[in-house]
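Q: Task: produce atomic coordinates for the following.
(one chain, ligands or ions: 1)
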Amino acid sequence: MIALRLPILSFMVASAMALATSARAEPADTLPGARLYQARCGTCHSLDANRIGPAHRGVFDRAAGTAPGYSYSPALKSSGIIWNAANLDQWLQGPQKLVKGSKMYFVVPSASDRAAIIAYLCAASGK
Ligand code: HEC
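A: As a prediction, the model looks like this:
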């Protein structure tokens, strides 16, 4: 029995690794979060230009309030946050709750939408 199961198990591990690798290699624009990002965040943000909100490319692992050339609220600039999946998830549930006095008010109520958007920002940051 054990001898029979082992090859199946190693096949499953190998395919899981192949999947993980192809997910990493996937261009950001083909992720489900790309469409959500355009629809929800695109009125104020883009990846490469500061608009109403700051440019997002590279936001993952970046200190909050440091996109070059964008005029941030003092609250966000002095927040000490380094953006990661966990605090981006909090931010998108209530920017004012995470950083009182910040100048973003937009909330994404759905946890799965937040996860997809965060995965997109991560991929777009080359992480
Ligand atoms: C109505 C306009 C608006 C919308 C919509 C909006 N934002 Fe923002 N966002 C802002 C503003 C303004 C700031 C700057 C906040 C500050 O300086 O306090 C900001 C800041 C941010 C930051 C901090 C970036 C940094 O460099 O520290 C992140 C991350 C962010 N937004 C993500 C998102 C995401 C993801 C969405 C879509 C789900 C979104 N925002 C939708 C206006 C918006």
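
Q: Okay, now the unreliable bits of this structure?
A: Residue ranges of the chain with pLDDT under 70: 1-26.

Q: quick one: the helices in it?
A: Ranges of helices in the chain, per DSSP state H, are 2-25, 32-36, 74-77, 85-93, 95-98, 111-124.

Q: same for the fourth one, what does it pack against?
A: It stands for helix 85-93. Other elements packing on helix 85-93 under the criterion 3 or more CB pairs under 8 Å, 6 or more residues apart in numbering; DSSP states H and E are helix 95-98, helix 111-124. For every residue, glycine as well, the C-beta is placed using N, CA and C.

Q: Alpha carbons only: can I get it in CSV?
A: Presented in CSV, the C-alpha positions along helix 85-93 are these (Å, rounded to 0.1, in the frame of the first residue of the first chain):
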residue,chain,number,x,y,z
ALA,A,85,-0.5,41.4,2.7
ALA,A,86,-1.8,41.6,6.3
ASN,A,87,-1.8,45.4,6.7
LEU,A,88,-3.0,46.0,3.2
ASP,A,89,-6.0,43.8,4.1
GLN,A,90,-6.6,45.9,7.2
TRP,A,91,-6.2,49.1,5.2
LEU,A,92,-8.8,48.0,2.6
GLN,A,93,-11.2,47.3,5.5
